[in-house]
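> With the input below, show me the fold.
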Amino acid sequence: MSDVWGVWFLIGAALVFFMQCGFAMVETGFTRAKNAGNIIMKNLMDFCIGTPMFMFLGFGLMMSENYLFGFIGKPHLQLFTNFAELDWSSFVFNLVFCATAATIVSGAMAERTKFSAYCIYSAVISAVVYPIEAGWVWNSQGWLVQLGFVDFAGSAAIHSVGGTAALIGAMFLGPRLGKYDYDKNGKVSKVHAIPGHSLTLGALGTFILWFGWYGFNGAACTQLTGVGGLAAVFTTTTIAPAIAAITTMLFTWIKNGKPDVSMTLNASLAGLVAITAPCATVDALGATIIGVGAGILVVIVVEGLDLKLHIDDPVGAVGVHLANGAWGTIADGLFNVESGVFYGGGFSHLGVQCLGELTIVAWTTVCMVITFALIKKFHGLRASREEEVVGLDKLEHGIASSYADFIMAPQVMTEGESSGTVPVEKAVPVARATKKPSAKFHMVTIITRQSKFDELKNAMNEISVTGMTVTNVLGCGQQHGNVQKYRGVEMDMTLLPKIKVDIVVSEVPVDLVITAAKEVLYTGHIGDGKIFVYDVQNVVKVRTGEEGYEALQD
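Alright, predicted model coming up:
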């Protein structure tokens, strides 16, 4: 049976590795399409950079038999010096857990972080920050283990660490451009929603993570039955996220009038995070209460960070991982069937759980403040304004779009717009005579970058142009000498997304429209766009039958 459980342990490690895919899909879906490639690259590099860091330093700091003062292991490099006798299963299993802690941060810092800066952070957390505190929890000589601290699969050791690093990283970076409006005193006057580009990807990632979580929580089990057995762990790991999702669905439905899809997806992950520490020590009732708490807590924290504290966390990483990592860790002190407060165990174990959580969060806070401060000072942490507006995919990785062959379908809604055809004679009667029979009409067509639309719209509004037709179009063109490659092969001319804005004016001078457009569109770089001017013979308003100058008036 020891061989059977050993094989299951490695299968569990493989399931945890597959969770990297889940994190990548959730983060990609909850952010904008122009940064999808960057998100995928960061999730890949979390594991790939983390592997050598953990090989050379992290594994020794965490699991060394020469463990100093219950605090830190002495690196021994046994992976290289005595490979035949290495505990390979322990190395692989702890490596995939380390990668999970690192990748949590990616979502909170998404869409505005330098890729090179993120790689530095990933190396630091994998080499030092995670291994040291994880040794307190899982090395048999760790000081928290000696106190009786329970974190079966990592609510504190992994999720609180990743969530704390995510919060600090988001605070160092600041919000994404356009996320908040500010008044003249610099205070936030309005919060803008920046929806992710694919809830479908977000849902796929959520299901992948839930699937992988059975390995995450269950891999360390060495028996099938009983509290703490594999079957019981699978049960609690199923109950908590399901209850959390239901709770959030109902909570947002009551609070906002509609059940929130993205928040409910977050809630299932919050329930999984919360049950991770006590999955082997609580019963079904405890798992249910933990799930209810997670479902409420994730909404409060995600909305509180955004609306009250104005910390921009695109995927809700802090609410899911930090808040519910802490909740799950403390919940073991309440619902542990042997030593929990509500099961007659007194407050001693609860005190140990609180001490462990506070210590781990404090350790991570100190380490990550130092790490991000040094990166910001000596390397730079945030991407440039141009990189953020255009998209990290294009300017950081040299890919025009992660969805190169996809064209967005137009959104057409016809239901309820008309109850049938109406005779032309029923149109509102108007006088056909125009007040300005000599008025001339011109169409100004502007083709430019999608990222410039808001500035262009505001500029037109300032010169009293309030009507325009906007179309998403594709354009092609390639700067001479600027060759793009994919897998080493030069790419042909690529269609790029643009917008076409059509404006018909009469009273507003054409020259004024052109001047205003050029002022906001000009950057001096290829791709600023083009402006076309056409004469228009007449304008007819369909609803009223008005023609000429009057047809342009609202």
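> hang on, His442 packs against Val504?
Yes: assessed by Cβ atoms under 8 Å, His442 is found in contact with Val504 at 7.1 Å. Bear in mind the C-beta positions are built from the backbone N, C-alpha and C, glycine included.
> Give the residues shared as contacts by these two.
Counting by Cβ atoms under 8 Å, 6 or more residues apart in numbering, the residues touching both His442 and Val504 are Val536.
> neighbour-wise, which of these two wins?
Neighbours per residue (other Cβ atoms under 10 Å) separate His442 from Val504, with Val504 holding more: 19 against 16.
> And the strands in this protein?
Per DSSP state E, the chain carries strands over the ranges 67-68, 72-73, 180-182, 188-191, 441-448, 469-476, 485-486, 489-490, 495-505, 530-536.
> which helices and strands sit right next to the second one?
I take that to be strand 72-73. Using 3 or more Cβ pairs under 8 Å, 6 or more residues apart in numbering; DSSP states H and E, the elements in contact with strand 72-73 are helix 59-63, helix 130-138.
> Ala244: how many residues sit nearby?
32.
> who touches it in this structure?
By Cβ under 8 Å, 6+ apart, the contact list for Ala244 reads 267-268, 270-271, 274, 291-292, 294-295, 298.
> contacting residues for Gln450?
Counted by Cβ under 8 Å, 6+ apart, Gln450 has contacts 472, 497-499.
> repeat that with 7 Å
By Cβ atoms under 7 Å, 6 or more residues apart in numbering, Gln450 lies in contact with 497-499.
> Without its sequence neighbours, what residue ends up closest to Ile514?
Closest residue to Ile514 apart from its sequence neighbours, by Cβ to Cβ, 6 or more residues apart in numbering: Ile531 at 5.8 Å.
> and what of Gly228?
Ala280 (4.1 Å).
> next one: Ala166
Distances taken as Cβ to Cβ, 6+ apart place Ala108 nearest to Ala166, at 3.6 Å, with adjacent residues excluded.
> Verify the stated contact: that neighbour with Gly169.
Yes: here Ala108 lies in contact with Gly169, judged by Cβ atoms under 7 Å, at a distance of 6.0 Å.
> neighbour count winner among these two?
Taking neighbours as other Cβ under 10 Å, Ala108 and Gly169 compare with Ala108 leading, 31 against 25.
> residue contacts, that one?
For Ala108, the contacting residues are 166-167, 169-170, 313, 315, 317-318, by Cβ under 7 Å, 6+ apart.
> Against Val320, how distant is it?
Distance check for Ala108 against Val320: by Cβ to Cβ, to the nearest Å, it reads 10 Å.
> And Ala244, by the same measure?
Applying Cβ to Cβ, the value for Ala244 to Val320 is 10 Å.
> Overlap of the contact sets of those two?
Shared contacts of Ala244 and Val320, defined by Cβ under 7 Å, 6+ apart, are found at Ala270.
> among the contacts of Ala244, which are in helices?
Using DSSP state H, the members of the contacts of Ala244 that fall in helices are 267-268, 270-271, 274, 291-292, 294-295, 298.
> would JSON lines of the helices and strands packed on strand 72-73 with distance to Ile208 and mean neighbour count be doable?
Shown next, in JSON lines, are the helices and strands packed on strand 72-73 (distance: least, Cβ to Cβ, whole Å; neighbours: other Cβ atoms under 10 Å):
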{"stretch": "helix 59-63", "distance to Ile208": "26", "mean neighbour count": "24"}
{"stretch": "helix 130-138", "distance to Ile208": "22", "mean neighbour count": "26"}
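> just to revisit the earlier point, how about the contacts of Ala244, which pair is most distant?
Maximum pairwise distance among these (Cβ to Cβ): 13.2 Å, between Ser268 and Val292.
> Counting neighbours around each, name which of those two comes out higher.
More crowded of Ser268 and Val292, by other Cβ under 10 Å: Ser268, with 28 against 19.
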